[in-house]
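need a 3D model of the sequence below.
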Amino acid sequence: MCLVSGEHDDLIRNTAGIARDRDPGAAAEQLALENAIGSNVRALRQRYDLSVTELADRIGISKAMLSKIENAQTSCSLGMLARLAAGLDVPVAALIRGADGEREASYTKAGQGAEITRTGSKQGHAYELLGALRGEHKRLECLMVTLSEDSQVYPLFQHPGTEFLHVLEGVMDYGHGRSVYRMEPGDSLILDGEGAHGPTRLIQLPVRFLSVIAFPDGT
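This next block holds a predicted model:
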């Protein structure tokens with residue numbers, strides 16, 4: 001993860017978003033509102049090609065305060081919302097869009113994932129579905145794969161999208177296209193699912209690994 005230092009010591013930034021300490025007593029609704037306002041203000045500012053300093057000067061607040069708003073570190077009063085909306089030339093409603101929408105999550109207790117059948121199941125491959133989630137642009141599927149002494153190598157899986165593998169137990173050789181990778185506990189592999197792939201040699205059993213597949217639109 002690429003970390004970037006900012007003016008706030010309690011922020012950790014990367015390309016995926018921001019992590020920060022939160023008040024354990026804060027209501028979820030309040031946090032959702034703060035996050036929605038911050039995200040909308042930042043998106044509108046960037047759409048109009050304004051820097052933080054430029055927008056802060058236009059609204060009449062400090063750069064530090066605007067940064068806190070965009071990073072959901074402070075609650076906005078109605079007066080502040082009105083000033084932000086005026087500075088961005090949008091209705092107040094545009095700043096709170098998305099605050100009332102529930103975000104999906106998939107939770108699975110240990111050992112309670114549904115057993116599913118995939119290509120290769122008859123060769124002794126056991127698949128436990130840890131969760132699946134359809135996001136705005138793609139579907140995500142998470143599997144726990146277990147290979148035992150009954151398993152056969154089957155290096156001919158193909159599917160659209162991108163797959164991430166992470167070995168938890170055992171040792172195997174895993175093929176993708178013309179390449180073969182020695183996979184041991186802690187090893188990871190990200191691959192293009194269109195290339196033929198699968199275990200080519202089971203070295204130390206049982207083998208257990210996580211498989212996370214991000215399918216493209218329309219799959």
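
so how far is the helix or strand harbouring Asp173 off the chain centroid?
Asp173 belongs to strand 162-176 when assigned by DSSP states H and E. What separates the centre of strand 162-176 from the centre of its chain is 20 Å, taken as Cα atoms, centre = their mean, to the nearest Å.

what does the helix or strand following it contact?
Scanning forward in sequence from strand 162-176 by DSSP H and E, the next helix or strand is strand 179-183. Strand 179-183 has contacts (Cβ atoms under 8 Å, 6 or more residues apart in numbering) with Leu165, Val167, Val171, Met172, Asp173, Tyr174, Gly175, Asp187, Leu189, Thr200, Phe209. Placement of C-beta: from N, CA and C, glycine included.

filter those down to the buried ones and hand me the PyMOL line.
Typed into PyMOL, the line below selects the buried ones among the contacts of strand 179-183, using 16 or more other Cβ atoms under 10 Å:
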select buried, resi 165+167+171+172+174+175+189+209
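
with pLDDT added, can I get the contacts of strand 179-183 in TSV?
Shown next, in TSV, are these (pLDDT from 0 to 100):
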residue	pLDDT
Leu165	89
Val167	92
Val171	96
Met172	93
Asp173	93
Tyr174	91
Gly175	89
Asp187	89
Leu189	89
Thr200	89
Phe209	96
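
from the contacts of strand 179-183, which is closest to Gln152?
Set against Gln152, the nearest of the contacts of strand 179-183 by Cβ to Cβ is Thr200 (11.0 Å).

all strands for this structure, in order.
Assigned by DSSP state E, the strands in the chain fall at 12-14, 17-19, 114-116, 125-134, 139-147, 162-176, 179-183, 188-192, 197-215.

will you turn these into TSV that also has distance to Thr53?
TSV is the format used below for the strands of the chain (distance: least, Cβ to Cβ, whole Å):
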stretch	distance to Thr53
strand 12-14	18
strand 17-19	20
strand 114-116	52
strand 125-134	38
strand 139-147	38
strand 162-176	39
strand 179-183	48
strand 188-192	39
strand 197-215	37
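
among those, which gets the worst mean confidence?
Lowest mean pLDDT within these: strand 12-14, at a mean of 41.

list just the nearest of the contacts of strand 179-183 to Ala32.
For those, the nearest to Ala32 is Leu165 (34.0 Å; Cβ to Cβ).

what pairs with the closest one across the strands?
Per DSSP bridges, the residues bridged to Leu165 are Leu189, Ser211.

so Glu115 makes contact with Leu143?
No: using Cβ atoms under 8 Å, Glu115 is not in contact with Leu143, being 10.6 Å away.

neighbour count winner among the two?
Applying other Cβ atoms under 10 Å to Glu115 and Leu143 shows that Leu143 carries more neighbours, namely 22 against 9.

what's the more buried one in contact with, if anything?
Leu143 neighbours (Cβ under 8 Å, 6+ apart): Ile116, Arg118, Tyr127, Glu128, Leu129, Leu130, Leu210, Ser211, Val212, Ile213.

nearest to Ala93, of the residues you listed?
Val212 (36.8 Å).

ok, Asn71 to Arg201 distance?
49 Å (Cβ to Cβ, to the nearest Å).

again with Leu191
17 Å.
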